[in-house]
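Participant: got a sequence here, can you build the structure:
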Amino acid sequence: MRIGLYGLPTAGKTFILDAVRNFDVLAGSSMLKELEPDFHSLSSEEKKHVRRKLAAKLKEKNDFIMDGHYSFGDEVVFTEEDGELYDAILYLYVDPSILKMRMEDSVRNKKYLTFDIGKWQMAELESLRQYCHKHNKDFYVCDNPEKGYFPNISTILEFIDSLAAGYSCLAYAKQSADSIFDQIKGKEICLADGDRTLTTEDSSSVLGYKTHIFDGNFYTGFQAWRHKREMTDFLRFIDWTSRPFEELGVHFNPAVIETIRMPCIILTTGYYGIWKEIANELKMPMYCGEQMSAETKYFIAKFLQEKGVRIIAYGDSMNDYYMLKQADEGYLITKSDGTLSRSLKYMDTEGIAVV
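Facilitator: Numbering: from 1, shown residues only. I've put the predicted structure just below:
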């Protein structure tokens, strides 16, 4: 696997790479200088040429992680060759206020303070996410909402270890799409989120579980991976198994369930123990687990469409957003008061039916 680690200047990419052990670590900036010692004095076009040359050279290698830059302010330096090089892109997100302080303390990076750091970071992140969606690449945002940065990078290093061991939302989506396609008889299928879509409650919340993992509103595989581990630790201290899901306070959402007129597949990040019971009750196959992310749902819809399947999708939050946008018909489920999930506050919902 070839991994690109992206993020703004001062985000901490080099600090992370210095601690990586399961991949061959390459320093992109140093390699560019090796190819062209006067790299920083070149014109923008000349620099792009050197970057393309490096990307072509690196295609001969496997299993490495390398730092990269998508842009410098309003100048995009990311090339198609860069994108083609990587199997997965990790984006290191840091709170803009922290990035600004770091840049103020850096002689080398003070020049970037003329840009709106928050907008710059989100523009990079969203552009890379769109690129990965279009070109079937894994995309992960590594963030730590509680602190705004990672005081301890062990979590990121453990995640990179998981990538080395085979963790991949894209691979899981391909596997799931193939499995779903083998099960269906027609050319139309429903893909439905679980919590707050097919049910009116969140399966984790009714158990008393609370988390800040999704506060950054990214819902990539990194957040799904962290959520699985945090939830596993939480469940060690409670016993819910003797109670049916109705007694736990989980109820079906008839406004959604009664409108489904075709075979339906549940794609959920909800708690497996509860959703296994619900799926059996609804007689709907279920796909879930630590690799079920916003990207996974999107790719399952996309891969099924490529097999000629028409997709009707239901969801309620940012975790479903890309699936709903990709679907032939996407239905966004509102809360009981008729409002949308806060996670969708700034998202373009054009083309998605709000119900």
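Participant: strands of the stretch 51-200 of the chain, start to end?
Facilitator: For the stretch 51-200 of the chain, the strands defined by DSSP state E, counting those that start in this stretch occupy 64-68, 71-72, 75-76, 88-92, 138-142, 188-192.
Participant: partner strands of the third one and their direction?
Facilitator: Right, the one you point to is strand 75-76. Strand 75-76 pairs in its sheet with strand 71-72 (antiparallel), by DSSP bridges.
Participant: what sits up against the strand it pairs with?
Facilitator: Outside strand 71-72, the residues that touch it by C-beta atoms under 8 Å, 6 or more residues apart in numbering are 9, 77-78, 112, 120, 123-124. For every residue, glycine as well, the C-beta is placed using N, CA and C.
Participant: circling back to that earlier point, could you dump the strands of the stretch 51-200 of the chain into JSON lines and include mean neighbour count and mean pLDDT?
Facilitator: Shown next, in JSON lines, are those (neighbours: other C-beta atoms under 10 Å; pLDDT from 0 to 100):
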{"stretch": "strand 64-68", "mean neighbour count": "22", "mean pLDDT": "95"}
{"stretch": "strand 71-72", "mean neighbour count": "16", "mean pLDDT": "96"}
{"stretch": "strand 75-76", "mean neighbour count": "12", "mean pLDDT": "95"}
{"stretch": "strand 88-92", "mean neighbour count": "25", "mean pLDDT": "99"}
{"stretch": "strand 138-142", "mean neighbour count": "26", "mean pLDDT": "99"}
{"stretch": "strand 188-192", "mean neighbour count": "21", "mean pLDDT": "98"}
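Participant: about what we covered before: now the contacts of strand 71-72 as CSV including pLDDT?
Facilitator: Below are those laid out as CSV (pLDDT from 0 to 100):
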residue, pLDDT
9, 98
77, 92
78, 94
112, 97
120, 98
123, 98
124, 98
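Participant: filter these down to just the buried residues.
Facilitator: Among those, those buried by neighbour count (16 or more other C-beta atoms under 10 Å) are 9, 78, 112, 120, 123-124.
Participant: related to what we said a few turns ago, nearest to residue 262, out of the strands of the stretch 51-200 of the chain?
Facilitator: Closest to residue 262 of those, according to C-beta to C-beta: strand 188-192, at 5.3 Å.
Participant: give me the contacts around the closest one.
Facilitator: Here strand 188-192 makes contact (C-beta under 8 Å, 6+ apart) with 180, 198, 256, 260, 262-267, 284, 297, 300-301, 304, 309-315, 323, 327.
Participant: could you do stretch 48-67 as well?
Facilitator: Stretch 48-67 has contacts (C-beta under 8 Å, 6+ apart) with 1-6, 13-14, 17, 20, 23-29, 31-32, 35-36, 39, 42, 77, 79, 81-82, 84-85, 160, 164.
Participant: list the buried ones in stretch 244-261?
Facilitator: 245, 248, 250, 252-253, 256-257, 260.
Participant: right, and out of the contacts of strand 71-72, which lies closest to residue 348?
Facilitator: Of all those, residue 348 sits closest to residue 123, with 15.0 Å by C-beta to C-beta.
Participant: show me what contacts the closest one?
Facilitator: Shown in contact with residue 123 (C-beta under 8 Å, 6+ apart): residue 71.
Participant: please tell me how far it sits from residue 259.
Facilitator: Relative to residue 259, residue 123 is positioned 37 Å away (C-beta to C-beta, to the nearest Å).
Participant: also residue 181?
Facilitator: 23 Å.
Participant: ok, now residue 198?
Facilitator: As for residue 198, its distance to residue 259 is 11 Å (criterion: C-beta to C-beta).
Participant: what does residue 1 give?
Facilitator: 41 Å.
Participant: where does the stretch 201-350 of the chain have low pLDDT?
Facilitator: Across the stretch 201-350 of the chain, the ranges flagged by pLDDT under 70 are 240-243.
Participant: how about the strands in it?
Facilitator: So, for the stretch 201-350 of the chain - with DSSP E, counting those that start in this stretch - the strands run 264-267, 286-287, 310-315, 329-332.
Participant: I'm done for today, thanks for sticking with me.
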